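Enquirer: predicted coordinates and the sequence they were generated for:
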Amino acid sequence: MTTELKTKESILPVLYNALHEEYGQEREGIHVSDLIYCPRKTAFQKLKPLPLTNLQLNFFTSGKAIHSALQSLVKKYPERFEIEKEVHLGDISAHVDIYDKENNVPIEAKSARMKSIDAPKKHNLAQLESYMSILGSDRGIILYQLLLHFDDKPFVEFEHTMTKEQRLIKINKLHTDADLLKKGIEEKDPSIVRHIAYDKDYNWLCKSCAFSKECETMRTKERAADMERGV
């Protein structure tokens with residue numbers, strides 16, 4: 001008979017403690033991912049750090065496992081590819097999953113709990129565009145591994161291109177968001193920082209945000225102030 005182990009010999013508490021210690025620490029500085037999702041949430045998190053939930057850890061570690069597996073294969077070609085390439089835009093930092101040195105092409109490896117995918121997810125594309133802009137790349141690639149696809153083609157590759165003008169627009173947006181984020185943290189006021197509550201491509205994140213009620217209160221005050229100004 002097989003039963004679920006719930007005794008003191010269980011390894012799960014040990015694993016959860018280790019995961020929280022390994023991945024639950026707040027990152028120093030500003031990372032691209034702090035800006036492309038919800039900068040206001042980043043400000044809240046830096047001012048009021050919360051431990052990672054087990055759900056967050058599940059998503060994080062499963063994605064990291066796939067990254068590590070793909071990167072270990074690419075390491076066989078060090079003359080062409082660089083793993084976890086660190087790039088900077090002022091005090092904004094980023095790590096590109098796989099960088100094609102020969103062709104100046106950033107490659108982002110993603111996992112998706114889907115059977116099929118017709119186009120890159122908006123936040124994945126925003127991340128790739130940030131890397132392309134920092135690197136001055138005309139081309140970028142997003143590689144998806146579809147976790148619910150059980151046939152013989154679980155990998156899907158999307159190529160994305162950007163003009164010099166588009167990259168400049170993205171660079172300016174990154175600088176603007178980073179400046180507002182730094183100001184919000186320094187003044188301990190997340191309301192200064194951009195939110196994504198009215199953006200249909202991102203506001204699904206609000207449902208699981210630990211700071212959603214505080215942010216909603218801020219937005220209510222912002223709307224009232226706008227009405228007074230006749231905006």
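Expert: The structure has been received and is ready for your questions. Numbers count the residues shown, from 1 in each chain.
Enquirer: count of neighbours near A224?
Expert: Counted by other C-beta atoms under 10 Å, the residues lying close to A224 total 10. All C-beta atoms are positioned from the backbone trio N, CA, C, and that covers glycine.
Enquirer: secondary structure element for it?
Expert: With secondary structure defined by DSSP states H and E, A224 is part of helix 212-229.
Enquirer: check which residues of that helix are buried.
Expert: By neighbour count on 16 or more other C-beta atoms under 10 Å, the buried set for helix 212-229 is 215, 218.
Enquirer: with stretch 85-98 instead?
Expert: Under 16+ other C-beta under 10 Å, the buried positions of stretch 85-98 are 85, 87, 89, 92-94, 96-98.
Enquirer: same deal with stretch 167-183?
Expert: For stretch 167-183, by 16+ other C-beta under 10 Å, it's 167, 170-171, 173-174, 177-178, 180-182.
Enquirer: got a list of what F81 touches?
Expert: F81 is in contact with 74-75, 98-101, counting by C-beta atoms under 8 Å, 6 or more residues apart in numbering.
Enquirer: go with 7 Å
Expert: Residues in contact with F81 (C-beta atoms under 7 Å, 6 or more residues apart in numbering) are 74, 98-101.
Enquirer: where do the helices of the protein begin and end?
Expert: 12-23, 32-36, 39-47, 54-74, 122-135, 164-186, 212-229 (DSSP state H).
Enquirer: let me have those in JSON lines, extended by distance to F81 and mean pLDDT.
Expert: Converted to JSON lines, the helices of the chain look like this (distance: least, C-beta to C-beta, whole Å; pLDDT from 0 to 100):
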{"stretch": "helix 12-23", "distance to F81": "25", "mean pLDDT": "72"}
{"stretch": "helix 32-36", "distance to F81": "20", "mean pLDDT": "93"}
{"stretch": "helix 39-47", "distance to F81": "30", "mean pLDDT": "94"}
{"stretch": "helix 54-74", "distance to F81": "5", "mean pLDDT": "74"}
{"stretch": "helix 122-135", "distance to F81": "14", "mean pLDDT": "96"}
{"stretch": "helix 164-186", "distance to F81": "22", "mean pLDDT": "97"}
{"stretch": "helix 212-229", "distance to F81": "40", "mean pLDDT": "89"}
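Enquirer: in a markdown table: these, plus distance to P106.
Expert: Shown next, in a markdown table, are those (distance: least, C-beta to C-beta, whole Å):
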| stretch | distance to P106 |
| --- | --- |
| helix 12-23 | 23 |
| helix 32-36 | 11 |
| helix 39-47 | 22 |
| helix 54-74 | 13 |
| helix 122-135 | 4 |
| helix 164-186 | 12 |
| helix 212-229 | 31 |
